[in-house]
Each structure stands twice: as structure tokens, then as C-alpha cells.
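A.B. asks: got a sequence here, can you model it:
(chains A and B)
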Protein chains: 2
Amino acid sequence: MPDKQMAIQRAAQGSGSGTGRPTMLAIAGDSAAGKTTLTKGLVSALGADRITAMCTDDYHRFDRDERKSKPFTPLHPDCNYLEIMEQHLQLLSMGQPILKPIYNHANGTLDRPVLVEPKEFVVVEGLFPLWSKRSRACFDATVYLDPPEEIRRAWKVQRDTAKRGYTEEQVLADLDKREPESAAYIRPQRANADIVVQFSPILSRGETAKDPLSATLLLRPTIPHPDLHPLVGDDTEEAMHLKLLRDDDGKPVDALHVHSYASEDATLKAEKELWDLMAVPEPLSDQLGLIDGERDGPLAITQLILLYHLIQAKHQ
Amino acid sequence: MPDKQMAIQRAAQGSGSGTGRPTMLAIAGDSAAGKTTLTKGLVSALGADRITAMCTDDYHRFDRDERKSKPFTPLHPDCNYLEIMEQHLQLLSMGQPILKPIYNHANGTLDRPVLVEPKEFVVVEGLFPLWSKRSRACFDATVYLDPPEEIRRAWKVQRDTAKRGYTEEQVLADLDKREPESAAYIRPQRANADIVVQFSPILSRGETAKDPLSATLLLRPTIPHPDLHPLVGDDTEEAMHLKLLRDDDGKPVDALHVHSYASEDATLKAEKELWDLMAVPEPLSDQLGLIDGERDGPLAITQLILLYHLIQAKHQ
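C.D. replies: Okay, the predicted model is just below:
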């Protein structure tokens, strides 16, 4: 279905409760950009009975062995069934189930597919959800995760050596091999996101990748963001502040900076005020911001903003 | 998509060459009813570049091990992803590719899915293609294979012991176990076919399952069949004859009897006359009627009638 027809149909029929059409959020970003961590909190907050999470990296066309003889990495569109990914996103966005392929990251095989049924909400994370107009037309809100490269490289080494059976040398060589395709196919998706999220140390404070990370959320005026200006006050400024700035492409955006150096009390208070201000018709979840059981303030507030968009889109 | 909307859309937009929508034929029937043999000749005749064949038995929900703990056999709808099968048939019929699951009959596992792209023609064979209104709406012509049970049992024992690693005892026990579900879910599909095909020995001539089988094609007036009456002449009656009769349900049908006892010359001549009579705008294929390299007249003429419907539907 063409993207425009898709968008018109979704707009005409609405999404969310009662329509059989889920509210859909995309979280795009390069490998190890933090997509899964961000997604987990949304699933915990809404509950697995209300939200389906899926990963578009399962649409690999080749298994790990087959890829060895190919001239490209998994970041290349030709290495993925992107046409099927688009079809499945469209089906989900219309409330239909899909039989989703499975790429087994542990051993690099393509396994038996699984049934995925859309619930009230669907979060789609992966390398390519914002790849095409056709896929973007399926979403109510879109996010691109944009950590500094050195942070992402550190995360990828850590994860792929711990969970995917690679050596550090292999991961670093792989990152270099992937770089041209990341630049060509993954990073351009940043331009198509409603929200760009950057978890990063604050270099001007002498922080490094090992410190808790602050978050910057670039809020583009492509979806209706909550009015956050009342928050620029003494009460919350330890935890976060809002700033008008120009994005890399020169376009104006509101940047919400969430500080890692804030106390837990300050962050919790800011979360509560933010939630009240946004008047979301559901209670604030206590499941936000968890990384391996530890609570992270900037992550919690990022997830809270995304929850706002999911729940609001449902009620529009 | 509801069946009616689907049928309306297909009717409005046509199928076949130029539209991007393939002409679709369903061949339904119980396990070992001869579906694959019938399909093979159609693929050989049209060529793999023009026709895609697929089997709906790949939509098994459970692998062989998992089925052991289930209270039903693969003939039960709950043992299959029938909603996904319907969705995939609809996508194919609209000219879209699918990522089709794979059930590996050799070892009973569910393997990595494969990309299936519709070509000019799509033949869909299996246990369930005529299961629902939604699936039936996808087809231009539909066939149900209805061999006598003793013939089908003999075929199933032969195949499953030779190719699927079962003992004869296991196959016979399995047939008994499947019988109630065959009666409940598979055989009712016979009522929804445009053509019912029965390969059978002619008992009144003392033939058994080991003799070459004759074919009876019940041609229901649900699709425009060719006018075969000019064939009821001296030239072709050794090979076949047409007879008006009542089906098991009391409804009138034209029955085309194709005789296994006809000489090869008579059958070839009848094929040629039939093809000329039907004025199909393509040459008669020499790939029809092959079973393990041997030529079978009744099978050839059955495939020829189905080819007629495929090619005619494309030109309508």
C-alpha cells in the first residue's frame, strides 16, 4: 500500500482503543545505540498485555554464515527483507497479526517465525523502521537514538562480547566495516524522527563514558509535544532544562536536557511534575529508568516523554 | 480484509498480466491426495518463471515434537496459522510478496521462512486453501482432490514410509487418528471447489489401486467451463466422455470421465482436440501427465483443464 494511502487511511480511522488499530512508536538507531533498553521501560510501564515490542533486525535476509560471502553488512538494505518489514508494519498498524521472522543473535541463525499480534500499543525498534516513507507512515511517533559514536562503540563491544559470542577485536573490526553503510543507510533516518535522543556524558563537566549519562531530547515540531515551558523554573532545573537551539541541519528545535548529576529526589520530583503538567490520563509508572535493576533518571524521563506520546496519540 | 471487499477489489482490478495481480488456483485435499503431483505438471507446463507454487501445510503452528503433546492432528485448524495463511493468500493475490513459513516434512521442524513472490500464476495446494470465505476469495479457480479413501491410504503409506521416515504401522495409526478431523475440517472443503477431481480405478472393470487410474472431473457451474459437448464423438470417446449426473449433494454437474484404459495415441489425440476446442491462446505443453517420468493420460487431461482455467482467467 502506498505511504500516502496508508497515512490517509490511518488518519481517517484513528488508532488506539476501540478501533482495533494500535498506537505505534518507532525507535530507530544503529547497533547498540540503546534501543532495547529504552523499549524495555515502555513495556514494563504499560505491561505486556497492552504493548507489543518487536525488532526489525529480525528481517535479516541471510544468516551469519551466508553473510560471510556477501559484499555488505546487516546495515545494508539488501541484507534485509525491507519490503516484507514494511508490509508487516502496515499490517500491524491496521491491527492485523503477522508471522514475524526470527534472527537468533546468539548463534546467527534464522529460526522459525513467531506470531506477533498487535495490542493497544506497538513499539518497533531496530536499524530500519524509519527507512522509507511506507514504513514511516505506520507510526504515530518516531524516535532516533543518536549517542556519540565513542559511547556506542563502547556499548557494542560490551554487549557483543558478553551476549553474542564475539571477541573485542572482532567487534571493533566489524564496527569499522559497518561504518560506510551506517553513514549511508542508518544515520540518514535521524532526519525523519520526531524526537532525537542523545545519551551522552557532559564533556564540559569532565564526564566520561563511564559516568552516568545525561540525555538530550531534540523535540521537533512534527508531532504535538507537550508545552514544557512551565517547567523552566527553580523546582525542576536541577533535573532538567529546556533550550531553544538549532539542530545540525540548521533547523530550530526545542532541546530538553536531562542531567545525570541531579539527585534521585530531584529527578523523581521532576518526573512527577512533568507527568502532572502533561495531564496524561493514566498514573505515572514506577517502572521507568531501569538499567540492570538500577534506576537512571535521564532514561526515566526520556521514557516518560515517549509514554506521553503513546498515550496521547491513543486519545486523539 | 473481509472476503467480499477482497473479491470486489480483485474483480474491479482484474488479475494476470499487466495488473501485477497473479491468476490464482487452489488445489485442496487431504494428505497424500495427489496435490503435489497435480501441481508439478502445471509448473512444468508454464515454466517456473511464470508460475509460483506453494503449499499451505507450511503454516503449521507446531513442530512434530510439540504436536505430540497436543490433543489434535495437523488437520485441525488450531494446529495451523490459518489467519496468517489467509493474510498471505490475500497479499499474493494482490501481487505482494510474502515471507512464507517452512514446515520441514523430512524431520518435522519449523525452519527459516522463505520469500515468495507472486508471478503470472500462483498455485496454492494444501489441506486448507478453501477453508474460509476469506481464503476462497483469493482464487480464480478452485479444485478439490477427492480420491477414494483406500487409494489415498495406499498413497500415504507409500510416500510417508519412503520420504518422511515413518513406518507403515505409524502411518496407518496416524490415518485413523486423523479421520475425525479429516471429516470435520478437510472434506467439507469439497463443497467449495469449482472442480472436484477423483482419480480412481474403475471397479466395474475389475481394476484395483495398482492399475493406472482413471479420472473423473466434476465440473461445477461456478466458473465458466469450456463447452466440451463437441467432444462427445467417435474421435475422443476412447479417451474420455462427458456425462450429466447428480453429485453426492444432489446438485447437477457435468462429469468428465477420462479413461486409463485408452491407448496413449487416443489420449494424445484427445488432448490435442480438447486444447484446440478450448482455443487457449498458448501452445499445448508436452510436460503434462508425468508421474516419476512416466506419462499418465488421465492426469495429463486433468492438468490440461486446469491450465485452461488459469490461462483463460488471465485473459478475462
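A.B. asks: check contacts around A:Phe72.
C.D. replies: A:78-79, A:181 (C-beta atoms under 8 Å, 6 or more residues apart in numbering or on different chains). For the C-beta atoms, the positions are set from N, CA and C on the backbone; glycine is no exception.
A.B. asks: list only buried entries from those residues.
C.D. replies: A:79, A:181 (16 or more other C-beta atoms under 10 Å in any protein chain shown).
A.B. asks: which member of the contacts of A:Phe72 is positioned nearest A:Tyr261?
C.D. replies: Nearest to A:Tyr261 among those is A:Glu181, at 36.1 Å by C-beta to C-beta.
A.B. asks: got the contact list for the closest one?
C.D. replies: Shown in contact with A:Glu181 (C-beta under 8 Å, 6+ apart): A:72-73, A:75-76.
A.B. asks: again, only using 6 Å
C.D. replies: When contacts are counted by C-beta atoms under 6 Å, 6 or more residues apart in numbering or on different chains, A:Glu181 touches A:73, A:75-76.
A.B. asks: save the residues you listed as TSV, and put in distance to A:His315 too.
C.D. replies: As requested, those are exported to TSV (distance: C-beta to C-beta, whole Å):
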residue	distance to A:His315
A:Thr73	41
A:Leu75	37
A:His76	39
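A.B. asks: out of the residues you listed, who's the most crowded?
C.D. replies: Among those, A:Leu75 has the most neighbours (other C-beta atoms under 10 Å in any protein chain shown), with 22 neighbours.
A.B. asks: what number of residues lie near A:Ala53?
C.D. replies: 20.
A.B. asks: check which helix or strand it maps to.
C.D. replies: Here A:Ala53 sits within strand A:51-55, counting by DSSP states H and E.
A.B. asks: return the distance of whatever helix or strand comes next after that strand from the chain's centre.
C.D. replies: Per DSSP H and E, the first helix or strand lying C-terminal to strand A:51-55 is helix A:64-67. On the basis of C-alpha atoms, centre = their mean, to the nearest Å, helix A:64-67 sits 27 Å off its chain's mean C-alpha point.
A.B. asks: near chain B at all, helix A:64-67?
C.D. replies: No - against chain B, helix A:64-67 shows no contacts by C-beta under 6 Å from any C-beta of the partner chain, the least distance being 10.5 Å.
A.B. asks: who's in contact with that helix?
C.D. replies: Helix A:64-67 is contacted from outside by A:Gly108, using C-beta under 6 Å, 6+ apart.
A.B. asks: quick one: buried residues of it?
C.D. replies: Across helix A:64-67, burial judged by 16+ other C-beta under 10 Å covers A:64, A:67.
A.B. asks: can you name the next helix or strand after that helix?
C.D. replies: Once the chain leaves helix A:64-67, the next helix or strand it forms, by DSSP H and E, is helix A:82-93.
A.B. asks: quick revisit: from the contacts of A:Glu181, pick the one nearest chain B.
C.D. replies: Using C-beta to the nearest C-beta, A:His76 is the member of the contacts of A:Glu181 that sits closest to chain B, with 16.6 Å.
A.B. asks: now the closest residue to that closest one other than its chain neighbours, what's its secondary structure?
C.D. replies: Nearest residue to A:His76, sequence neighbours excluded (C-beta to C-beta, 6 or more residues apart in numbering or on different chains): A:Glu181, at 5.1 Å. Assigned by DSSP: H, G, I helix; E, B strand; the rest coil, the conformation of A:Glu181 is helix.
A.B. asks: show me what from the stretch 1-150 of chain A comes close to chain B.
C.D. replies: A:84, A:99, A:101, A:110, A:112-113.
A.B. asks: can I get these in a markdown table including secondary structure and neighbour count?
C.D. replies: Output for those, formatted as a markdown table (DSSP: H, G, I helix; E, B strand; the rest coil; neighbours: other C-beta atoms under 10 Å in any protein chain shown):
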| residue | secondary structure | neighbour count |
| --- | --- | --- |
| A:Ile84 | helix | 21 |
| A:Leu99 | strand | 23 |
| A:Pro101 | strand | 22 |
| A:Leu110 | strand | 20 |
| A:Arg112 | strand | 18 |
| A:Pro113 | strand | 22 |
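A.B. asks: what residues does A:Asp160 make contact with?
C.D. replies: The contact partners of A:Asp160, by C-beta under 6 Å, 6+ apart, come to A:166, A:171.
A.B. asks: repeat that for A:Val43.
C.D. replies: A:51, A:53.
A.B. asks: that one should be in a helix, yeah?
C.D. replies: Yes - using three-state DSSP, the assignment for A:Val43 is a helix.
A.B. asks: pLDDT at it, what is it?
C.D. replies: As predicted, A:Val43 sits at a pLDDT of 96.
A.B. asks: what does A:Cys138 give?
C.D. replies: Per-residue pLDDT puts A:Cys138 at 95.
A.B. asks: I'd say it and A:Ser93 touch.
C.D. replies: Yes - counting by C-beta atoms under 6 Å, A:Cys138 touches A:Ser93, with 4.0 Å between them.
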